[in-house]
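J.: Quick one, structure for this:
(one chain, ligands or ions: 2)
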Amino acid sequence: MENFAFYNPVKILFGKGQIANIGAEIPSDAKILITYGGGSIKSNGVYEQVKAALAGRNFLEFGGIEANPHLETLLKAVDLIRAEGIDFLLAVGGGSVVDGTKFIAAAVPFDGDPWDICAKQAPVKAAIPFGAVLTLPATGSEMNTASVVTKWETQEKLFFASPLVFPKFSVLDPETTYSLPIRQVSNGIVDAYVHVMEQYLTYPANAPLQDRMAESILKTLIEEGPKVLADLHNYEARANVMWCATMALNGLIGVGVPQDWATHMIGHELTALHGIDHAQTLAIVLPNTLTVRRDRKRLKLLQYADRVWGLVDGTEDSRIDQAIAKTREFFESVGVPTHLSDYGVGLDVIPKIIDRFEKRGFVALGENQDVTPKVVEKILVLCA
Ligand code: NZQ
Ligand code: ZN
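T.: Numbering: from 1, shown residues only. Ligands and ions are numbered 1, 2, ... in the order given. Reported below is the predicted structural model:
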């Protein structure tokens, strides 16, 4: 196992009715800004619950944060916060609202052009404290330090991470997810699954506990995801998927082990250039990352085939083939198509992505730093 430091201070309030308890988590004299997205919270009752929990408190609202939050929108919130002297943020929504709020939190005290936080990885030295009410289990943003922001003007989708943007608390009430469109339920299952794969499906690092935790999350998603889709008001299945998504990317399973993330880096470009949902990009790319890099990932692919899919018969190569095929089938079975053509995108996207990676110096991705633009091209060709 590699050396590691692990720190995660996020207080999780999990379960039905927990929104009612947020008042106690926010300083009583705080001037609060509630941030939210395109309006789902106003039609599913979440907004009313938040307002009731903050009755008598000093708060303003900022809505309109897009899916794949736009820098341009987030900067308007930064102006509002500076003008109003806001000192606590409450993100209410999916990963985009939480990510956008992290960026806002870091941008308010930032000296200079806030886009540098993502584009130049400029160090974040301060951030406004914030909490989250999560309504879409997928990203893990509710319990991690990462944020992904899109600069609309240039169609660039870039991330930053800082321990200063850990939420102070996150509410995970599975009932808030009942109103999700099926497409977002499907996306959430796939995003969480691929987060585990990015941290698990690399090479052995003598970390059997992390491996087994990762495999547990994958198997739980395989069991519980379809239950949610079969019965959208199945509270227990919703709760299990929600906790899987948080555990998939709160840092725990990634300690002391190599991590890949090439699939995510390629996926972000497909979202930036073609607006394909984040999880959809992962469903397209991951099976082909596994195919192209099967030699470097061989031992873990065999372990995954055995422990997650129960594939123990046949040659090693056929077990690997089947495990990759099972992965693709799982994504398709929960409703996420796995080919670029399913989204009306052609292979002419490849040179654009390669050009962007070369310009940004993304030339050595993956757990072995051997995912060069040539390898990215091979992966994308298979995505057709
Ligand atoms: O905007 P509203 O009206 O709220 O609607 C949203 C949005 O249209 C809707 N929605 C959310 N909760 C709902 C709901 N509709 C009905 N009922 C509810 N309870 O769902 C749509 C998608 O929401 P979004 O927040 O964009 O989805 P998701 O949570 O999948 O977040 C995706 C973003 O997170 C980033 C992605 O790149 C993408 O920008 N990621 C963040 C990560 C992180 N911070 O660690 C890691 C991930 O790999 C990912 O990159
Ligand atoms: Zn993701």
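
J.: got the contact list for the residue nearest to the spatial centre of the chain?
T.: The centroid of the chain falls nearest to residue 139 when counting by C-alpha atoms, centre = their mean (2.5 Å). For residue 139, the contacting residues are 94, 95, 98, 99, 191, 245, 249, 278, by C-beta atoms under 8 Å, 6 or more residues apart in numbering. C-beta coordinates here come from the backbone N, C-alpha and C atoms, glycine included.

J.: go with 10 Å
T.: Counting by C-beta atoms under 10 Å, 6 or more residues apart in numbering, residue 139 makes contact with 94-96, 98-99, 146-148, 187-188, 191-192, 195, 245-246, 248-249, 278-279.

J.: are any of those buried, and which?
T.: 94-96, 98-99, 146-148, 187-188, 191-192, 195, 245-246, 248-249, 278-279 (16 or more other C-beta atoms under 10 Å).

J.: What pLDDT does the model give residue 51?
T.: Residue 51 carries a pLDDT value of 98.

J.: Spell out which parts of this protein neighbour ligand 1.
T.: With C-beta under 6 Å from any ligand atom as the criterion, the chain meets ligand 1 at residues 37-41, 44, 67-68, 93-97, 99, 135-136, 138-141, 144, 146-148, 176-177, 179-180, 184, 187, 191, 249, 264, 278.

J.: For residue 257, give its distance to residue 346.
T.: Applying C-beta to C-beta, to the nearest Å, the value for residue 257 to residue 346 is 36 Å.

J.: who has more neighbours, these two?
T.: residue 257 (21 against 10; other C-beta atoms under 10 Å).

J.: Show me the strands in the stretch 51-200 of the chain, by range?
T.: 58-62, 88-93, 130-134, 146-151, 156-161, 169-172 (DSSP state E, counting those that start in this stretch).

J.: Residue 363 is nearest to which of those?
T.: strand 156-161 (16.3 Å; C-beta to C-beta).

J.: ok now do residue 171, which residues does it touch?
T.: By C-beta under 10 Å, 6+ apart, the neighbours of residue 171 are 11-15, 17-22, 25, 46, 49-50, 53, 90, 92, 131-135, 142.

J.: and what of residue 254?
T.: 4, 6, 144, 195, 196, 198, 199, 200, 207, 210, 214, 248.

J.: any idea which element residue 318 lies in?
T.: Using DSSP states H and E, residue 318 sits in helix 316-333.

J.: If we go by neighbour counts, what in that helix is buried?
T.: For helix 316-333, by 16+ other C-beta under 10 Å, it's 319, 320, 321, 322, 323, 324, 326, 327, 328, 330, 331.

J.: Likewise for stretch 19-30?
T.: Neighbour counts over stretch 19-30 (16+ other C-beta under 10 Å) mark 19, 22, 25, 26, 30 as buried.

J.: Next, the contact list for the third one, please.
T.: The neighbours of residue 25, taking C-beta under 10 Å, 6+ apart as the test, are 11, 13, 53, 88, 90, 131, 167, 168, 169, 170, 171.

J.: swap the cut-off to 8 Å and go again
T.: 11, 13, 131, 168, 169.

J.: From what I see, residue 250 and residue 10 are in contact.
T.: Yes. The pair residue 250 / residue 10 is scored as a contact, 7.4 Å apart, by C-beta atoms under 8 Å.

J.: list the residues that contact both of the two?
T.: What both residue 250 and residue 10 touch, as defined by C-beta under 8 Å, 6+ apart, is the set residue 143.

J.: Could you check which of those two has the larger neighbour count?
T.: residue 250 (21 against 18).

J.: ok so, going back, can I get the contacts of residue 25 in TSV with neighbour count and pLDDT?
T.: As requested, the contacts of residue 25 are exported to TSV (neighbours: other C-beta atoms under 10 Å; pLDDT from 0 to 100):
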residue	neighbour count	pLDDT
11	13	98
13	19	98
131	24	98
168	17	98
169	24	98
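
J.: And those residues, which is closest to residue 237?
T.: Nearest to residue 237 among these is residue 13, at 20.1 Å by C-beta to C-beta.

J.: Tell me the gap between the host helix or strand of that closest one and the middle of its chain.
T.: Here residue 13, judged by DSSP H and E, is contained in strand 11-14. Counting by C-alpha atoms, centre = their mean, to the nearest Å, strand 11-14 is centred 18 Å from the centre of its parent chain.
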